[in-house]
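[1] Need a 3D model of the following:
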Amino acid sequence: MSNGETGFVADVLDTARLIVCIGTGGVGKTTTSAALALRAAQRGRRVLVMTIDPAKRLANAMGLEALGNEPEAVRMPPDTKGSLDAMMLDARRTFDDLIRRTAGDEAPSILENRVYRLMVDRLSGTQEYMALERLYDLYSSGRWDLVVLDTPPSTNALEFFDAPRRTANMFDERVMRWFLPEHRSDAGLLRRVFNPGAVVLRLLAIVGGEQFVSELSEFFGALRIVRASFEERGHEVRRILGDRDTRYVLIASPDTRRVDEALLLRRKLAEERRTIDLYILNRSHHLFEADDLERVTRDSGTTEPMPGAFSRWYPRLVQLAERDRAGVQRLRSGLSPRDVIRLVPAFDRPIHSLTELQGIGGFLLDEPLPTGNDPGQPA
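    Predicted structure coming up:
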């Protein structure tokens, strides 16, 4: 990779206020998000990485027993210039906290409402919306120079960006009125009898019972109080996501299916006027050259041209490397010459330590690891 490309990655880490990592599940997105955050901290910035349901081993790799809804400091090497905090989104707790802050005296009744609990646990888009809601609070606090957001796993990453609109639709007055009876004393008789909300509630009472309908009506009535706050915060979130200090990183792997998903996502984001700043392909297999084979032979302490197990696995490694090279070329052909792609090799073991996370960042920046650090061997 060129010095210009590595310089671009360094510039992203040094200047962005928000890095949004997107991609489908199973491509190492959460691990890469943590590696980017770690590198930025080592370059002197105060960084928060906000993950969505990370594997326990990733928390352990950062020296933490587990991650929770509050940022927790990661213990860094003594010579680290910056700092790193990490957290995992708890959508239910985040929604509860938002209601407490915005609903005033109505908060207890909303939080105890069965319809509210069902909405938080089951409504499509709730996790995405709460990720953005929590992002708003953390980003606006000023505690961090950079927030790295690992977006929720999704078959369609665009759902994440559409979450504020879909959730806001639920608070639309035109929607809520269907679930609210007409109580105004000055309403005409026909309006009270044939009010669409009353009709809907009577039908729902037949299906769900009077108690359920009562809670549903109370819930939407209480939501009228918080609607303005939700709309205002949603507007601010959209502003943050469109800010020039916000950078988007698309994470994939070089096999054909993942590359095609990445290109499709790029096109759809372009339709929404969002630009991908950096492409990272994880689990890339390196095509061995002559000097690589010489090094393997030398390190094995044998005079065989291709030692033991390596000779048996070599044809498969070549096959994987050729496949991945074709995948990289396929991605490159769908991008502009200015787009930056970085490759991270496939490792022979999961990431279990801060040093191994640091190694991933080293591949992104072509920076050597400190002496004695071993990020694992490329597979």
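
[2] In the chain, which residue is most central in space?
    T151 (1.4 Å; CA atoms, centre = their mean).

[3] Tell me the spacing between E236 and L250.
    According to CB to CB, to the nearest Å, E236 stands 24 Å off from L250. To be clear about C-beta, it is placed using only N, CA and C from the backbone, and glycine gets the same treatment.

[4] between the two, which one's more packed in?
    Using other CB atoms under 10 Å as the criterion, E236 and L250 rank with L250 on top: 26 against 14.

[5] which ones are touching the more buried one?
    I22, G23, A262, L265, R266, I276, L278, Y279, I280 (CB atoms under 8 Å, 6 or more residues apart in numbering).

[6] right, and the fifth one touches R274 too?
    Meaning R266. No - the pair R266 / R274 is not scored as a contact, 9.4 Å apart, by CB atoms under 8 Å.

[7] so V49, which of the three states?
    strand (DSSP: H, G, I helix; E, B strand; the rest coil).

[8] got the contact list for it?
    S33, A34, L36, A37, L38, L84, D85, A86, M87, V147, V148, D150.

[9] Of those residues, which belong to helices?
    S33, A34, L36, A37, L38 (DSSP state H).

[10] I'd like to know how many residues surround the second one.
    Residue neighbour count, defined by other CB under 10 Å, stands at 28 for A34.

[11] That one contacts A59, doesn't it?
    No - look at A34 against A59 with CB under 8 Å: they stay out of range, at 9.5 Å.

[12] shared neighbours of those two, anything?
    A86.

[13] helix, strand or coil for the closest residue to I52 other than its chain neighbours?
    Sequence neighbours aside, P152 is the residue nearest to I52 in space, at 4.6 Å (criterion: CB to CB, 6 or more residues apart in numbering). The assignment at P152 comes out as coil when based on three-state DSSP.

[14] E322: neighbour count?
    For E322, using other CB under 10 Å, the count is 12.

[15] same thing with the one 4 residues further on?
    Counted with other CB under 10 Å, the burial measure for A326 works out to 14 neighbours.

[16] Contact partners for it?
    When contacts are counted by CB under 8 Å, 6+ apart, A326 touches T256.

[17] okay, it: pLDDT?
    Per-residue confidence at A326 stands at 92 (pLDDT).

[18] what about it, helix or strand, and which?
    Here A326 sits within helix 308-333, counting by DSSP states H and E.

[19] which residues in the stretch 51-200 of the chain form strands?
    72-73, 83-88, 146-150 (DSSP state E, counting those that start in this stretch).

[20] next one: the helix or strand containing E215 to chain centre, how far?
    Using DSSP H and E, E215 falls within helix 210-241. How far helix 210-241 lies from its chain's middle: 24 Å, per CA atoms, centre = their mean, to the nearest Å.
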